[in-house]
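Trainee: Okay, sequence plus prediction incoming.
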Amino acid sequence: MVKLLHAEELARMAGVHKSTVLLAIRRGELRASRTAGRSARIAPEDARAYLRSRNRVIPPELEARGGTVQVAVLTDNPDVLAVVQQAVPDGSELIGTADLFESLILVGASTPTALVLDLDMVFMNPMVVLRALRTTTNLRNVHVVALGVRDELFGAARAVGADNAVIKIDQKTLVSLLAKVVDDAQKPMVS
């Protein structure tokens, strides 16, 4: 799973005070996401760029893992998270937790190949989330799989940008669909 860094962690790696990192964020020199509590979270790629700009060594835990295909999940249900964890193909990385707000930050800070969206979220309208995903530059081309239990939501999800819709209890279809998407992403492009 992709781990976002706290400002203190990046400051320790860069050999500076936490306020220096926070000032860089405020000045726009360092991109960061904000949690619901307004704490700054920095994506690994942004942390690497910050460390390079300060001529600091990139620690092994921040080294880019080239070639790893990422599959994201947006849900507030631990059972749905478990289903998606089991369906993610070997060799790919899962982004997201059962904490929907944390998952939204993680997804926004990365560019996954596929995203599984729970259509039965309690605290957010999944169609609004899907519409927002399709208007976000780095997520516009993500393969979205809508996961739900009601047929009427499948049509609505497809209308606002879902590529596929799968019923939650159909683990086999979800596994094969994610395997195909990940496999297609790993194939070299022919020009």
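Mentor: Okay, I see it.
Trainee: helix or strand for the residue most central in space within the chain, which one?
Mentor: The centre of the chain sits closest to residue 107, judged by CA atoms, centre = their mean, with a distance of 2.4 Å. According to DSSP states H and E, residue 107 maps onto helix 100-108.
Trainee: related to what we said a few turns ago, dump the residue contacts of the residue nearest to the centre of the chain.
Mentor: Residues near residue 107 by CB atoms under 8 Å, 6 or more residues apart in numbering: 72, 74, 95-96, 115, 139. Quick note: C-beta positions are derived from backbone N, CA and C, even for glycine.
Trainee: Closest to residue 52 out of those residues?
Mentor: Lowest distance from residue 52 to those (CB to CB) belongs to residue 95, with 23.6 Å.
Trainee: Quick check: the closest one vs residue 85, distance?
Mentor: Per CB to CB, to the nearest Å, residue 95 is found 11 Å from residue 85.
Trainee: the more surrounded of those two?
Mentor: residue 95 (21 against 12; other CB atoms under 10 Å).
Trainee: That one is in contact with residue 112, isn't it?
Mentor: Yes: assessed by CB atoms under 8 Å, residue 95 is found in contact with residue 112 at 5.7 Å.
Trainee: Overlap in contacts, these two.
Mentor: 70-72.
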